[in-house]
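**Q** sequence and predicted model, in that order:
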Amino acid sequence: MMNRTLLVTGGAGYIGSHTLLALIAAGYRPVVLDNYSNSVPEVLRRVQQLSGVPIEFVEGDIRDGKLLDGLFQRKAQDGSPVECVVHFAALKAVGESVANPLAYYDNNVGGTTTLLSAMDRAQVRHLVFSSSATVYGEPIELPYSEQHRIAPTNPYGWTKAMVEQVLKDWAATGEARRAVALRYFNPIGAHASGVLGEAPQGTPNNLFPFITQVAVGKREKLMVFGDDYDTVDGTGVRDYLHVEDLADGHVRAVQYAGQAAEPFSAINLGTGRGTSVLQLVRAFEQASGKTIACTMQPRRPGDIASAWADPALAYRLLGWKAERSIEQMCADGWRWQSQNPDGYGG
Ligand code: NAD
Ligand code: WQD
């Protein structure tokens, strides 16, 4: 009989919290491990409210091998051994990774090797990993296929590329180990209820939460980083995908890990469509009825002009494709931000 207990590291975060709902809806029983370094307990309270089921939570760090041993042992003794780990826990700010690379290598790479060692001791053999399209670096050709060369341009991106290599080598050691690295493009939006969403601490690093904070009056205007790129309107183009589509991709990946022929797979999760900064701003204005004041700024160092996915492999291996439109991403993101102007603190 299939055992459906999962360990979800970083489950209180933005993508993790949305994925918990999708996993529960699919019949899984997630146990969450999070150190709340970039999240708050209120998130899980809301996931429980939306799902109607209690969520088992352990406050702690993926770099704590003893804690992981205890957790895996306890679940095995309960008769519900962990079948698969869904591994979101990581630091994710590109600029901070340049300023403090060792914190990133320690948390993201060291944390993952500690987790894998504990999985080995507990004989947990499947893992789904949050990788990133950032592993590709400057595009040689678009869309990015999974065969595109790996050439990250900052320490954060290198931690993702290194963990992928670690997973490939770990999975190749036999004994039915399976690792699936999901290379996310740009997840945005929020749960359609408006109850869950993205709540960055301090000034948002990413475009979409910056736009929603301008709309709600927390920031004066959006700085558009570069209007002289070789794109449709000169602003940067990205492949934005709805966080609920991304969450569904994880359910498929957990199922795939249970039956994959290959020990290791790296799979793009994106829509295959590019949207410019100004196109996203216009779509958001339509969805929210708000005007977003913009000011043109020089390019942000390290940015590329355009990025979008070839999502064919995700469809072939996982049977997944993104379903939700840019309009829906904006409407759901606005519902979340307008109902929670101060995020989970409000
Ligand atoms: P997030 O910061 O909201 O979530 C990460 C969670 O992990 C947080 O709740 C944090 O408290 C927890 N965490 C961090 N280090 C930990 C540790 N050592 N032990 C235990 N918990 C720890 O980020 P997110 O946007 O939900 O991203 C989730 C994953 O997806 C990350 O691995 C990130 O690198 C990756 N990713 C994110 C994006 C994006 O645009 N948001 C894109 C590509 C990949
Ligand atoms: C999107 C576009 C900016 C902010 C980053 C990480 C990547 C991944 C996702 C985790 C670009 C422009 C942005 C602003 C702007 N994270 N922009 N004004 O850079 O594609 O990816 O987040 O893996 O690793 O690098 O996303 O949202 O920061 O930027 O004009 O205030 O918006 O120049 O063209 P990016 P982003």
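**A** Happy to help now that I have it. Ligands and ions are numbered 1, 2, ... in the order given.

**Q** list the contacts for Leu44?
**A** Contacts for Leu44 (CB atoms under 8 Å, 6 or more residues apart in numbering) come out as 11-12, 17, 20, 32, 55, 57. All C-beta spots, glycine's among them, are computed from the backbone N, C-alpha and C.

**Q** should've said Gly79
**A** Contacts of Gly79 by CB under 8 Å, 6+ apart: none found.

**Q** returning to what we had before: what subset of the contacts of Leu44 is also close to ligand 1?
**A** Ala12 (CB under 6 Å from any ligand atom).

**Q** let's have the contacts of Leu44 in CSV, adding distance to Leu196, pLDDT and secondary structure.
**A** Output for the contacts of Leu44, formatted as CSV (distance: CB to CB, whole Å; pLDDT from 0 to 100; DSSP: H, G, I helix; E, B strand; the rest coil):
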residue, distance to Leu196, pLDDT, secondary structure
Gly11, 12, 99, coil
Ala12, 11, 98, coil
Ser17, 5, 99, helix
Leu20, 9, 98, helix
Val32, 14, 99, strand
Ile55, 13, 97, coil
Phe57, 16, 98, strand
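
**Q** of the contacts of Leu44, just say which sits nearest to ligand 2.
**A** Ser17 (16.3 Å; CB to the nearest ligand atom).

**Q** can you get me the start-to-end distance on stretch 338-345?
**A** 13 Å (CA to CA, to the nearest Å).

**Q** my error: substitute stretch 33-40 in the last question.
**A** Termini of stretch 33-40 sit 13 Å apart (CA to CA).

**Q** does it come close to ligand 1?
**A** Yes. Stretch 33-40 comes into contact with ligand 1 (CB under 6 Å from any ligand atom), by way of 33-39.

**Q** also stretch 325-345?
**A** No. Judged by CB under 6 Å from any ligand atom, stretch 325-345 makes no contact with ligand 1; its nearest approach is 11.0 Å.

**Q** rewinding a little: what two of the contacts of Leu44 are the furthest from one another?
**A** Using CB to CB, the contacts of Leu44 span at most 11.8 Å, a distance reached by Ser17 and Phe57.

**Q** would you mind telling me which of these two has more residues around it?
**A** Each of Ser17 and Phe57 has its neighbours counted (other CB atoms under 10 Å); Ser17 has more, 29 against 18.

**Q** once you drop chain neighbours, what's closest to that one?
**A** Val43 (5.0 Å; CB to CB, 6 or more residues apart in numbering).

**Q** same deal with Ile326?
**A** Nearest to Ile326 is Ala283, by CB to CB, 6+ apart, at 4.9 Å.

**Q** any figure for the gap between that neighbour and Thr271?
**A** Separation of Ala283 from Thr271 (CB to CB, to the nearest Å) stands at 14 Å.

**Q** out of the two, which sits in the busier spot?
**A** Thr271 (23 against 20).

**Q** and that one, how far from ligand 2?
**A** 14 Å (CB to the nearest ligand atom, to the nearest Å).

**Q** for that residue, pull up the helix or strand it's in.
**A** If you go by DSSP states H and E, Thr271 is not part of any helix or strand.

**Q** flag every residue of the stretch 151-300 of the chain that's near ligand 2.
**A** Counting by CB under 6 Å from any ligand atom, the stretch 151-300 of the chain sits next to ligand 2 at 186, 205-207, 210, 223-225, 236, 238, 277, 300.

**Q** same thing but at 8 Å, please
**A** 154, 156-157, 160, 184-188, 204-208, 210, 222-226, 229, 235-238, 276-277, 280, 297, 299-300 (CB under 8 Å from any ligand atom).

**Q** of those, grab the buried ones for ChimeraX.
**A** Buried subset of those, written as a ChimeraX selection, criterion 16 or more other CB atoms under 10 Å:
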select :154,156,157,160,184,185,186,187,188,204,206,207,208,210,222,224,225,226,229,235,236,237,238,276,277,280
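
**Q** quick one on the thing from earlier: residues in contact with the residue nearest to Ile326?
**A** 275, 326-327, 330.

**Q** toward the C-terminus, what is the element adjacent to the one helix or strand it maps to?
**A** Assigned by DSSP H and E, Ala283 belongs to helix 277-288. Using DSSP H and E, the helix or strand that directly follows helix 277-288 along the chain is strand 294-297.

**Q** got the CA positions of that next one in CSV?
**A** Written as CSV, here are the backbone C-alpha positions of strand 294-297 (Å, rounded to 0.1, in the frame of the first residue of the first chain):
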residue,chain,number,x,y,z
CYS,A,294,6.8,53.9,-12.7
THR,A,295,10.2,55.5,-13.0
MET,A,296,12.8,54.4,-15.5
GLN,A,297,16.1,53.4,-14.0
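
**Q** spit out the contact partners of the closest residue to ligand 1 within the stretch 1-150 of the chain.
**A** With CB to the nearest ligand atom, the shortest gap between the stretch 1-150 of the chain and ligand 1 falls at Gly13, namely 1.9 Å. With contact set as CB under 8 Å, 6+ apart, Gly13 has these partners: 34, 38-39, 43, 88-89.

**Q** kindly recompute the last result at 10 Å.
**A** 19, 32, 34, 36-39, 43, 88-90, 92, 130, 198-199 (CB atoms under 10 Å, 6 or more residues apart in numbering).

**Q** for it, give its distance to Leu20.
**A** 10 Å.

**Q** tell me, what's touching the two both at once?
**A** Joint contacts of Gly13 and Leu20 (CB under 10 Å, 6+ apart) are 32, 43.
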